[in-house]
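Chemist: Here's a sequence, model it:
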Amino acid sequence: MTNRRMFFTMLWGAVFRRRSRAMMAVIASLVGAATLFCLASVCVAVPRQMNEEMREYGANLIVTPSAASGKSQGIDSTTMRAVTSLVTAGHSAKSAAYRYESVRVNSAPYTIAGVDAKSVRALNRHWNVTGDWSSAGNVMVGRDVADALGVKVGSRVTIAYRSSDAQTSDSAESDKQSSKSDPRMSDSGESDTKSAQNGSQMSDSAESDAQSAEGTDGTEDTEDTGTGAQGAGEADAASRSAETGTHATENGRVSSDIMDTDGTEFRVSGIVDTGGNEDSIIYATTADVAKLAGSKRGADVVEYSVNAMGDDLNAIVDGINRNSNSAVKAQTVTRITSSDTRIIAMLQTLFWIVSLVVLVLTLVGVGTTISSIVSQRRNEIGLRKALGASSRAIGAEFTVESAIYGLIGGLFGTAIGYALARILCVTVFDRALGFNWLLGIASLMLSMLIAVIASIPPVRRATRIDPAIVLREE
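Modeler: Residues are numbered from 1 along each chain as shown. Have a look, this model is predicted:
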């Protein structure tokens, strides 16, 4: 019998004839492989799954006109298409455009947003809307606006665009051009609602002071927003109306009398309740806002919900800002992106802590089992060395035996770990998890490596057994 055949014969007997000891080593490797593969699969899949879930809660990227561009016309359709092509070059994305104007309802100032209801609805699926979204001749009002005006679904409101609102915004334009807060999230929405609730009637001078103060408040960072940074849109929108024709009319009404209650009548089709400053805004179709203001122009803000995060999202922002011909500036919504990063960092930290504990336990389990096997086969090892077997051959046999335990445990452990990870993803995210073959191969290799490392101390003891002492004990 050749030495190689004898080696495999001894190996077969060690693995399959001592099943109880071998089973203990396999179980130790199996538990470690299952736990590590499950955690690794979840840590790989969760950031992607969580990013998709977070995209249901608003935008993580906003685009506004740059300070040096022709801000009076907003973001035109050509520029919007160019920016959208940059955003969607390597990632899927949803977008919605907003045009903001200052209007009056019952002599109280409000902000109206001209939107495409379908796009905004797809971007902000977390909004709680009672009734229907805005459509031609129908507006959707925020909960705060509805409470202040005492309206409900089906009520009718008269909305007027005032020339004085557009004119006074010029004084605040220089401050508001640097603003980064969404009017849906800024203090202006709250002050408008409160003024309506108190039934106050603002004079031209008071209104100018309030709007100037609003320009200062509007410089909040996007960290205070949940959906975007569009505060500059409100100020720019009003000033553009002044620039493009303050006293022009187009099926709407423009007046310089703030006490004039005439205007265009709209039906309240729905009420939006988000708990945020969206509740202080009136939403209408873009066409209705254009008629009301008497002019057509581009959007003040375009929001994107991009299926990207971290460095990928920052790369998109840098790409847009580096394009000098786009006449727009892009920025991330800090609260959304920081929430993603924070949760992912917590998951990764948990993964490394649990992985370290599992590795130690696996090493101890396999090492203890191999030590027990060496002790049980001490006489056999001594006899073989007395018959001429080298320490190297004995060490190689135990090392390969340990690797086989790791391979078998890794195979079953990886399968169990994948099943657990799949069940977890379906339960939490309601999405199936595909098998990561690269991760599976890594799990097998790691299981074998851990088993071999755990066998080093007992293998060294086996190679140092003195055959004379063992035979004398017999």
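
Chemist: okay, CA-based contacts and neighbour counts for the rest of this
Modeler: Will do.

Chemist: Can you show me the CA trace of stretch 312-322 as PDB?
Modeler: Written as PDB, here are the backbone C-alpha positions of stretch 312-322 (Å, rounded to 0.1, in the frame of the first residue of the first chain):
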ATOM      1  CA  ASP A 312     -22.300  57.400  -4.800                       C
ATOM      2  CA  LEU A 313     -24.800  60.100  -3.900                       C
ATOM      3  CA  ASN A 314     -22.000  62.700  -3.300                       C
ATOM      4  CA  ALA A 315     -20.500  61.800  -6.700                       C
ATOM      5  CA  ILE A 316     -23.800  62.700  -8.400                       C
ATOM      6  CA  VAL A 317     -24.000  66.000  -6.500                       C
ATOM      7  CA  ASP A 318     -20.400  66.800  -7.500                       C
ATOM      8  CA  GLY A 319     -21.100  65.900 -11.100                       C
ATOM      9  CA  ILE A 320     -24.000  68.300 -11.300                       C
ATOM     10  CA  ASN A 321     -22.200  71.100  -9.500                       C
ATOM     11  CA  ARG A 322     -19.100  70.800 -11.800                       C
END
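
Chemist: Look up how far residue 114 lies from residue 102.
Modeler: Distance, residue 102 to residue 114, using CA to CA, to the nearest Å: 11 Å.

Chemist: can you check residue 269 too?
Modeler: Distance of residue 269 to residue 114, computed by CA to CA: 15 Å.

Chemist: so what secondary structure elements neighbour the top strand by length along the chain?
Modeler: In the chain, ranked by residue count with DSSP state E as the criterion, the top strand is strand 93-105. Counting contacts by 3 or more CA pairs under 8 Å, 6 or more residues apart in numbering; DSSP states H and E, strand 93-105 is packed against strand 108-115, helix 117-123, strand 156-159, strand 161-162, helix 163-176, helix 231-245, helix 286-293, strand 301-306.

Chemist: Recalculate using a threshold of 6 Å.
Modeler: Strand 93-105 is packed against strand 108-115, helix 231-245, strand 301-306, with contacts defined by 3 or more CA pairs under 6 Å, 6 or more residues apart in numbering; DSSP states H and E.

Chemist: looking at the ones you listed, which has the lowest confidence?
Modeler: Lowest mean pLDDT of the helices and strands packed on strand 93-105: helix 231-245, a mean of 45.

Chemist: Run a quick neighbour tally on the residue nearest to residue 296 when sequence neighbours are not counted.
Modeler: Spatial nearest neighbour of residue 296, excluding adjacent residues (CA to CA, 6 or more residues apart in numbering): residue 290 at 5.2 Å. Counted with other CA atoms under 10 Å, the neighbours of residue 290 add up to 18.

Chemist: now the strands: where do they sit in the chain?
Modeler: With DSSP E as the criterion, the chain has strands at 61-65, 93-105, 108-115, 128-131, 138-142, 156-159, 161-162, 254-255, 264-273, 281-285, 301-306, 328-332.

Chemist: tell me the most buried of those strands?
Modeler: Per residue and on average, the most neighbours among these fall to strand 161-162, with a mean of 30 (mean count of other CA atoms under 10 Å).

Chemist: Quote the end-to-end distance of stretch 117-137.
Modeler: End-to-end distance for stretch 117-137, by CA to CA: 13 Å.

Chemist: which residues touch that stretch?
Modeler: By CA atoms under 6 Å, 6 or more residues apart in numbering, the list of residues contacting stretch 117-137 from outside reads 56-58, 96, 140, 266, 269-274, 284-285.

Chemist: ok, those residues vs residue 424, which is closest?
Modeler: Of all the contacts of stretch 117-137, residue 424 sits closest to residue 56, with 20.7 Å by CA to CA.

Chemist: Find me the pLDDT at the closest one, would you?
Modeler: Per-residue confidence (pLDDT) for residue 56: 69.

Chemist: dump the residue contacts of residue 142.
Modeler: Going by CA under 6 Å, 6+ apart, residue 142 touches 271-272, 279-281.

Chemist: Quickly name whichever of those is closest to residue 303.
Modeler: Using CA to CA, residue 281 is the member of these that lies nearest residue 303, at 16.6 Å.

Chemist: how much space is there between that closest one and residue 115?
Modeler: From residue 281 to residue 115 the distance is 12 Å (CA to CA).

Chemist: remind me which residues of the chain are low pLDDT?
Modeler: Scanning the chain for pLDDT under 70 picks out 1-18, 50-56, 67-72, 162-261, 324, 334-340, 470, 472-474.

Chemist: hmm, try it at 50
Modeler: Across the chain, residues meeting the criterion (pLDDT under 50) sit at 70-71, 169-181, 185-258.

Chemist: And the longest helix belonging to it, what does it pack against?
Modeler: Counting by DSSP state H, the longest helix found in the chain is helix 334-376. Counting by 3+ CA pairs under 6 Å, 6+ apart, the packing neighbours recorded for helix 334-376 are helix 19-54, helix 437-463.

Chemist: one more time with 10 Å
Modeler: The contact analysis (3 or more CA pairs under 10 Å, 6 or more residues apart in numbering; DSSP states H and E) places helix 334-376 against helix 19-54, strand 61-65, helix 378-386, helix 391-429, helix 437-463.

Chemist: Surely residue 307 touches residue 60?
Modeler: Yes. Assessed by CA atoms under 10 Å, residue 307 is found in contact with residue 60 at 9.1 Å.

Chemist: between these two, who's got more neighbours?
Modeler: Taking other CA under 10 Å, residue 307 and residue 60 do not tie; residue 60 has more neighbours (27 against 22).

Chemist: With adjacent residues omitted, what lies nearest to that one?
Modeler: Spatial nearest neighbour of residue 60, chain neighbours left out: residue 333 (4.8 Å); criterion: CA to CA, 6+ apart.

Chemist: Alright, that wraps it up for me.
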